[in-house]
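Asks: when you get a sec, could you give me coordinates for this:
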Amino acid sequence: MIYLLKKIKNKLFKKNKLTKKEQRHKLVGSAKSWKLKQDFQISFLLNQGLKPSDKLLDIGCGTLRGGIPIIKHLNETHYYGVDVREDVLIEGIKELKHEGLQYKKPKLCSFNNFNELEFDDKFDVIFAFSVLIHLQDSILEDCLFFVSKQLNDSGSFMANVNIGERPTGSWLEFPVMFKSIEFYEQLAQKAGLSVKQLGTIKSLGHNSNDELSNNQIMLEFKRL
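Replies: Residues are numbered from 1 along each chain as shown. As a prediction, the model looks like this:
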């Protein structure tokens, strides 16, 4: 009986034990859905026409959960990633080394606020997956002004958002915000950007068991 109980306990432990990737990527979301999130991001960007020659800035790149296949696709030095959590970005650097992609020479840096961020390069694509939903109004405004400054004339900034009226929630130390589409339109215009809805992320290929997440809207911002 004791042997049987130990065997069952060992099986349960193995079943619940996270892999190294799950342990790393749970810092930026669900441990079990990291691959779904990764596959969606690269698939979405490719469908939007991302070319190897494009220069891309990944706002909130985190552990490079989404960044790894993007880095693989882009030419050397064409991926830039920024994140406010330095410890999480360190895990992203470890992931980069694990995947053997240092030769791609992505440029990764941590920052405290958008006002201190500035790049010599202009970007063809700026991407922020599950980032704007965590930004308070003043930070979101700073983000859009930063984007307007860093996009090239024909570039696109794409980001998913929660549209609707719901109480503000939380995830780790970050709020989870719900806004009206009119709110984003007004802030975009203030920053010299246009905005259009590309559809729910479910309609764009993100099909998880989380309907709240599936119903987020992907927005595309462009310079006016």
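
Asks: nearest residue to the middle of the protein?
Replies: residue 129 (2.8 Å; Cα atoms, centre = their mean).

Asks: that one against residue 41, yeah?
Replies: Yes. Counting by Cβ atoms under 8 Å, residue 129 does reach residue 41; the two are 5.5 Å apart. Any C-beta I mention is one placed from the backbone N, CA and C, and that applies to glycine too.

Asks: from residue 53, how far off is residue 114?
Replies: The gap separating residue 114 from residue 53 is 26 Å, by Cβ to Cβ, to the nearest Å.

Asks: who has more neighbours out of those two?
Replies: Each of residue 114 and residue 53 has its neighbours counted (other Cβ atoms under 10 Å); residue 114 has more, 22 against 9.

Asks: who's in contact with that one?
Replies: 139, 142-143, 145-146 (Cβ atoms under 8 Å, 6 or more residues apart in numbering).

Asks: tell me, what's touching residue 129 and residue 41 both at once?
Replies: Common contacts of residue 129 and residue 41, defined by Cβ under 8 Å, 6+ apart, comprise residue 66.

Asks: grab the nearest non-local neighbour of residue 52.
Replies: Of all residues not flanking residue 52 in the chain, residue 75 sits nearest, at 5.0 Å (Cβ to Cβ, 6 or more residues apart in numbering).

Asks: so what's the residue count around that neighbour?
Replies: 13.

Asks: the one 10 residues further on now?
Replies: For residue 85, the number of neighbouring residues by other Cβ under 10 Å comes to 18.

Asks: can you give me the helices for this structure?
Replies: 2-16, 20-25, 34-47, 67-73, 86-98, 137-150, 181-190, 211-214 (DSSP state H).
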